[in-house]
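Peer 1: Need coordinates for the below:
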Amino acid sequence: MKTVSRFTAIAAVLLASTSVFAADWSSNSITYTYAPHQSEPGVSDKVAKNIMTFTHVSGDKLGTNLFNIDLLKSNSADPANGNAQGAQEWYGFYQRNFSLNAMTGNKTGYGFAKDLNLTARVDAGAKNTYFAPAPRKLHLGMSAAMPVSAGFWDIGVAAYKESNNNGVVGKSVSFDVAPALNSAWAIPVGGIGTFGGFASIVGPKGKDGFGAETATETLIRATFMFDVMGPKSGLSAGVGVEYWNNKFGCDSSLAANGDKCKATTPLVMVSYKL
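Peer 2: Modelled structure (predicted):
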């Protein structure tokens, strides 16, 4: 309960900060993604997923806001609790970036970076499987904006704290604080589209709900989205690849886990900017 209360309080502070200044700009988009070969700890077969995503990005006098929510539907290889239908899941996060350039008036950057940001992010989700995960995550750290000529490329480091539910053993789990490295980018290429993606590395976070030690988790997604009918149409389509190792901290080097905790899958995507 203490973890949930702290999570709620921090989320409320972050959301309140967005009302201090009206947004100077904003962008919203919806994206459909098909991922045919994802892995799930405890599931022996590869899992196909249909994913609908809503993304909001905006900026104000303090920095930027990022809100993202995924609605995911698995095939029958990853069944819902109590029936053979594919599981349903939602997962979202809100990230607030406080720009040092904006807050200090600096216009020259910081060495290799054109700006530095203080970052705070909260994540939440739930899935209707027998395991019944309900992750709650907090990231506090700093990121550097790389000096790309167009688009953006951010690299960051954070302290990461997670709590979750383990329906198999019937208890909540509060993990240790772990270091996290992350990066995100979206760079226009040749007037035909955008090379985008993200990378996340979370260090070991102590024991899971079964008493097993967690391993370093690595998630990398890279995509290329082609502009359909020109960059001003708002419609894009493309392909990508996702690599996920030691998913949720599950150690894929153990024979019992194997490919259940790691996968490389192609992606097919269609996106529309609202």
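Peer 1: so what's residue 257 up against?
Peer 2: Taking CB atoms under 8 Å, 6 or more residues apart in numbering, we find residue 257 in contact with 41, 250, 251. Where you see a C-beta, it was placed from the backbone N, CA and C, and this is true even at glycine.
Peer 1: how about a cut-off of 10 Å?
Peer 2: With CB atoms under 10 Å, 6 or more residues apart in numbering as the criterion, the residues that contact residue 257 are 39, 41, 42, 212, 215, 246, 247, 250, 251.
Peer 1: need the helices for this protein, in chain order.
Peer 2: Using DSSP state H, the helices of the chain run over residues 2-17, 100-104.
Peer 1: Can you tell me which of the contacts of residue 257 is nearest residue 68?
Peer 2: Within these, the smallest distance to residue 68 is 18.8 Å, found for residue 247 (CB to CB).
Peer 1: Who are the contact partners of that closest one?
Peer 2: Taking CB under 10 Å, 6+ apart as the definition of contact, the neighbours of residue 247 are 38-41, 215, 217-219, 257, 260-263.
Peer 1: would you list those residues in JSON lines and tack on distance to residue 165?
Peer 2: Supplementary listing: the contacts of residue 247 in JSON lines, determined by distance: CB to CB, whole Å:
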{"residue": "38", "distance to residue 165": "21"}
{"residue": "39", "distance to residue 165": "20"}
{"residue": "40", "distance to residue 165": "16"}
{"residue": "41", "distance to residue 165": "14"}
{"residue": "215", "distance to residue 165": "20"}
{"residue": "217", "distance to residue 165": "18"}
{"residue": "218", "distance to residue 165": "23"}
{"residue": "219", "distance to residue 165": "21"}
{"residue": "257", "distance to residue 165": "20"}
{"residue": "260", "distance to residue 165": "19"}
{"residue": "261", "distance to residue 165": "19"}
{"residue": "262", "distance to residue 165": "23"}
{"residue": "263", "distance to residue 165": "23"}
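Peer 1: Just the ones in strands from these, please.
Peer 2: 38, 217, 218, 219, 262, 263 (DSSP state E).
Peer 1: Ranking by neighbours, what's the top pick from those residues?
Peer 2: Counting neighbours by other CB atoms under 10 Å, residue 217 comes out on top of those with 25 neighbours.
Peer 1: Show the contacting residues for residue 154.
Peer 2: Taking CB under 10 Å, 6+ apart as the definition of contact, the neighbours of residue 154 are 97, 113, 115, 117, 119, 143-146, 148, 182-186, 198.
Peer 1: swap the cut-off to 8 Å and go again
Peer 2: So, once contact is read as CB under 8 Å, 6+ apart, residue 154 ends up touching 117, 143, 144, 145, 146, 183, 184, 185.
Peer 1: Now do the closest residue in space to residue 209 that isn't next to it in sequence against residue 131, distance only.
Peer 2: Using CB to CB, 6 or more residues apart in numbering and skipping the chain neighbours, the partner closest in space to residue 209 is residue 166 (3.1 Å). Using CB to CB, to the nearest Å, one obtains 7 Å as the distance from residue 166 to residue 131.
Peer 1: more neighbours, the two?
Peer 2: Residue environment comparison for residue 166 versus residue 131 gives the larger neighbour count to residue 131, 20 against 16, counting by other CB under 10 Å.
Peer 1: Read off the pLDDT value for that one.
Peer 2: With respect to pLDDT, residue 131 scores 94.
Peer 1: ditto for residue 17
Peer 2: As predicted, residue 17 sits at a pLDDT of 55.
Peer 1: for the spatially most central residue of the chain, what are its contacts?
Peer 2: Nearest to the mean C-alpha position of the chain, by CA atoms, centre = their mean, lies residue 93 at 7.1 Å. Contact criterion CB under 8 Å, 6+ apart gives 66, 67, 68, 69, 121, 122, 123, 124, 137 as the residues in contact with residue 93.
Peer 1: can you do 6 Å?
Peer 2: Contacts for residue 93 (CB atoms under 6 Å, 6 or more residues apart in numbering) come out as 68, 121, 123.
Peer 1: Now it: closest residue in space, sequence neighbours ignored.
Peer 2: For residue 93, ignoring the flanking residues on the chain, the nearest one in space by CB to CB, 6+ apart is residue 123 at 4.1 Å.
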